[in-house]
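Undergrad: requesting a structural model of the entry that follows:
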Amino acid sequence: MNIPGNRTLKSFENGLSWACNPESTDIIIVGAGVAGSALAYTLGKDGRRVRVIERDLTEPDRIVGELLQPGGYLKLIELGLEDCVSDIDAQRVFGYAIFKDGKSAKLSYPLENFPSDVAGRSFHHGRFIQKMREKAATLSNVKMEQGTVTSLLEENGTIKGVEYKTRIGQELTAHAPLTIVCDGCFSNLRRSLCNPKVMINLYRIKK
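TA: All right, here's what the predicted structure looks like:
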């Protein structure tokens, strides 16, 4: 894997090895963000053959910072992902400071009963995402593939897999007994999975 430098994960299409028959997939995960990468690593450790299809495997380049609360760091430890905040210039955070009218107050996290490493972490969003992907890709039964999922394959009311386009435009299908969609708040697949009713309240102001 050629990650340092341009920090691009090699997908199955351009070099990442897949120890199992690629058609023998237990779980397809759409999206390799925080949820998708963490899930891929956890299921992979459990022995599942996981295929992750992500639209863009390069490091996300957004002006977004992250503040991971101590509880989130404890969850990373539980999942075996705590090293994902290492070597990304993450800063330890021990609480909050409030400033107003020339005065200030400190609010510290209650960390007295926890190991010294437990604290909040502040870091760059894209670097953290890439570390999560790298961690998942270290497992031989997890395959990261760059592609854009265009639709879900449904048969008799059951999702059987996905249709997707590779980064070179090739249209392919992938099948698995379970498909998990983790493609974020701007998901193109959500409407095919549910029909959320959004209520918009309009108020008229009388003159």
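
Undergrad: what packs against the lowest-mean-pLDDT helix or strand in the chain?
TA: Of all helical and strand segments in the chain, the minimum by mean pLDDT, DSSP states H and E falls on helix 190-193, at a mean of 76. In terms of contacts (3 or more Cβ pairs under 8 Å, 6 or more residues apart in numbering; DSSP states H and E), helix 190-193 is packed against strand 142-155. The way it works is simple: take the backbone N, C-alpha and C, and place the C-beta from them, glycine included.

Undergrad: tell me the confidence at residue 36?
TA: Looking at residue 36, its pLDDT is 97.

Undergrad: tell me the secondary structure for it?
TA: Recorded secondary structure, residue 36: helix (DSSP: H, G, I helix; E, B strand; the rest coil).

Undergrad: for residue 70, see how far away it is.
TA: Going from residue 36 to residue 70 by Cβ to Cβ, to the nearest Å gives 24 Å.

Undergrad: of the two, which one has the most company?
TA: Comparing residue 36 with residue 70 by other Cβ atoms under 10 Å, the one with more neighbours is residue 36, at 26 against 19.

Undergrad: could you give the number of residues near the spatially closest residue to the more buried one that is not a sequence neighbour?
TA: Closest residue to residue 36 apart from its sequence neighbours, by Cβ to Cβ, 6 or more residues apart in numbering: residue 182 at 3.8 Å. Per other Cβ under 10 Å, the neighbour tally for residue 182 reads 19.

Undergrad: try residue 38
TA: Using other Cβ under 10 Å, the number of residues around residue 38 comes to 21.

Undergrad: contacting residues around it?
TA: 79, 81, 132, 136 (Cβ atoms under 8 Å, 6 or more residues apart in numbering).

Undergrad: show me those residues that map onto helices.
TA: Of these, the ones assigned to helices by DSSP state H are 79, 132, 136.

Undergrad: how close does the residue nearest to the second one when sequence neighbours are not counted sit to residue 159?
TA: Right, the one you point to is residue 132. Leaving out its chain neighbours, the residue that sits closest to residue 132 by Cβ to Cβ, 6+ apart is residue 37, at 3.7 Å. As judged by Cβ to Cβ, residue 37 and residue 159 stand 21 Å apart.
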